[in-house]
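Participant: no FASTA, just this:
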């Protein structure tokens, strides 16, 4: 498990006073002569801790600060919290921004989230794989034993492959999360071959399934992340919140004081003065001064811009990208009613995976309507939305029949350039969040590229700040 700073519930880094209340204030430089006066400085406000970015990592950091009774200001450039974890409402349908599934066994999420309030809706524990013109089921024997027995002889891997899955499950369950995330690493594809999985099992199951999770069809992602996700899948369920994936950040934000979150507030730089306490400059020209520190919870491209001149941009691997297309359909024009994930194991076409979201969570669409979600790996930058839509309809017509699929109506296409950080080896999933005096970093790219990794990174950033302030008082 990640290192956790032990603090009491009323721990404070501020000097003890009978009742100390933080207020934002502004000042201007007095002058005697209007004619000779210099240009007034921008309005300056103070906040004990400033968190930049209200995605999962920033919200986790803000939640921890609030639990420690440390006042904070959470700045978000967009019009809502969530970062990449957002849900839009289109024609009465809930459209998550990209293919996102919440695994209930995420350990940090279990500490921070109220699952009952999220009203999590479960997927079938397994998948249906399109191969050689037919669908074949791969099932979790601990959840669907009879289905798993029936799948032993299907062409999605051999009987030995299915035994190796059971052995892999036992292996990852025998290790702690910290052991997994710090273990010797290879790429996922190399790990699978070392274990002994057949080429057919890799091509027909692992590439579309874990390739869809990592947005990495080549399976170059570190074996550390494969083992962590495999363990979480073994212990929990794949789910969707009834009101959309965006309910996860919304629940975290609801724990914060209403005046601590500022939306539509873009940060352009973080600077330091003689006090070594960072200040934040906004696009509006406003300057915010932190008393205890600044926590950066933005994606890597935004981080480089904000710290331009202060921090040398790192040489990074290309980010993982995806395209997600949504379609609406009449309920009688979809082929199944099961809450199952469909995988493309054929090795042909552009579709990686798809599912009928309203089969998992009926609340994702109006009554008597179905929501279809289709995911591709990569951005397909040279292909127009219209061309992608036409190709997806053509491929799915081969899966389910043109008479059904051609009646579906395209709702929206999401092209997500930074869907996940690239975590192919070598990786360091336990990075120190401190990147400067009073400056801390969080995000899934410094831990594991999962919901849980983002939440963990926010907590670790606050713990690093607490340690530094505790030491400064000694």
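Facilitator: Cool, the structure landed. Remember, it's a predicted structure, so these values are computed and weren't measured experimentally. Residues are numbered from 1 along each chain as shown.
Participant: And the strands in the stretch 151-300 of the chain, which stretches?
Facilitator: In the stretch 151-300 of the chain, the strands defined using DSSP state E, counting those that start in this stretch lie at 238-241, 261-262, 267-271, 279-282, 287-296.
Participant: Any chance of a markdown table for these, columns mean pLDDT and distance to residue 61?
Facilitator: C-betas here are computed from N, CA, C, even on glycine. Shown next, in a markdown table, are those (pLDDT from 0 to 100; distance: least, CB to CB, whole Å):
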| stretch | mean pLDDT | distance to residue 61 |
| --- | --- | --- |
| strand 238-241 | 98 | 22 |
| strand 261-262 | 97 | 13 |
| strand 267-271 | 94 | 15 |
| strand 279-282 | 95 | 15 |
| strand 287-296 | 95 | 5 |
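Participant: Now render the ones you listed as TSV, adding distance to residue 384.
Facilitator: TSV is the format used below for the strands of the stretch 151-300 of the chain (distance: least, CB to CB, whole Å):
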stretch	distance to residue 384
strand 238-241	29
strand 261-262	37
strand 267-271	33
strand 279-282	36
strand 287-296	36
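Participant: Ok, which of those comes nearest residue 367?
Facilitator: When the strands of the stretch 151-300 of the chain are compared by CB to CB, strand 238-241 sits nearest residue 367, at 17.9 Å.
Participant: List of residues touching the host helix or strand of residue 392?
Facilitator: Using DSSP states H and E, residue 392 maps to helix 385-400. With CB atoms under 8 Å, 6 or more residues apart in numbering as the test, helix 385-400 has contacts from 130, 135, 323, 325, 334-335, 342, 349-351, 354, 374, 376, 380, 383, 405-406, 408, 410, 413.
Participant: can you pull the contacts of residue 430?
Facilitator: So residue 430 contacts 2, 178, 181, 182, 447 (CB under 8 Å, 6+ apart).
Participant: Counting neighbours, what do you get for the second one?
Facilitator: As a burial measure, the neighbour count of residue 178 was computed by other CB atoms under 10 Å and equals 13.
Participant: I'd like the strands of the stretch 151-300 of the chain laid out as CSV, including distance to residue 419 and mean neighbour count.
Facilitator: Listed next are the strands of the stretch 151-300 of the chain as CSV, based on distance: least, CB to CB, whole Å; neighbours: other CB atoms under 10 Å:
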stretch, distance to residue 419, mean neighbour count
strand 238-241, 17, 24
strand 261-262, 25, 17
strand 267-271, 23, 18
strand 279-282, 27, 19
strand 287-296, 20, 24
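Participant: which residues in the stretch 301-450 of the chain form strands?
Facilitator: With strands called from DSSP E, counting those that start in this stretch, the stretch 301-450 of the chain shows them at 320-330, 342-344, 353-356, 369-377, 409-420, 434-436, 439-441.
Participant: among those, which gets the worst mean confidence?
Facilitator: Note on the strands of the stretch 301-450 of the chain: strand 434-436 shows the lowest mean pLDDT, a mean of 93.
Participant: in that one, what counts as buried?
Facilitator: 434, 435, 436 (16 or more other CB atoms under 10 Å).
Participant: Which of these sits closest to residue 263?
Facilitator: Compare each of these with residue 263 using CB to CB and the shortest gap goes to residue 435, at 25.3 Å.
Participant: and that closest one, how far is that from residue 441?
Facilitator: 5 Å (CB to CB, to the nearest Å).
Participant: Give me the common contacts of these two.
Facilitator: residue 296.
Participant: what about residue 185, how many neighbours?
Facilitator: Residues lying near residue 185 (other CB under 10 Å) number 22.
Participant: For it, give me its contacts.
Facilitator: Listed by CB under 8 Å, 6+ apart, the contact partners of residue 185 are 222, 223, 224, 425, 426, 427.
Participant: same deal with residue 234?
Facilitator: So residue 234 contacts 105, 142, 169, 172, 173 (CB under 8 Å, 6+ apart).
Participant: Buried ones among those residues?
Facilitator: 105, 169, 172.
Participant: What's the local residue count around residue 468?
Facilitator: 16.
Participant: again with residue 397
Facilitator: 15.
Participant: can you start the count at 32 instead of 1 from here on
Facilitator: Sure, I'll start numbering at 32, so the last one becomes residue 428.
Participant: Against residue 447, how distant is it?
Facilitator: 25 Å.
Participant: Between the strands of the stretch 182-331 of the chain, which one is closest to residue 185.
Facilitator: Using CB to CB, the strands of the stretch 182-331 of the chain put strand 269-272 closest to residue 185, at 21.0 Å.
Participant: Show me what counts as buried in the helix ranked longest in the chain.
Facilitator: Looking across the chain with DSSP state H, the single longest helix is helix 482-503. Neighbour counts over helix 482-503 (16+ other CB under 10 Å) mark 482-497, 499-500 as buried.
Participant: same thing with stretch 448-462?
Facilitator: 449, 450, 451, 452, 453, 454, 455, 458, 460, 462.
Participant: How about stretch 243-263?
Facilitator: Within stretch 243-263, the residues that qualify as buried are 243-247, 250-263, counting by 16+ other CB under 10 Å.
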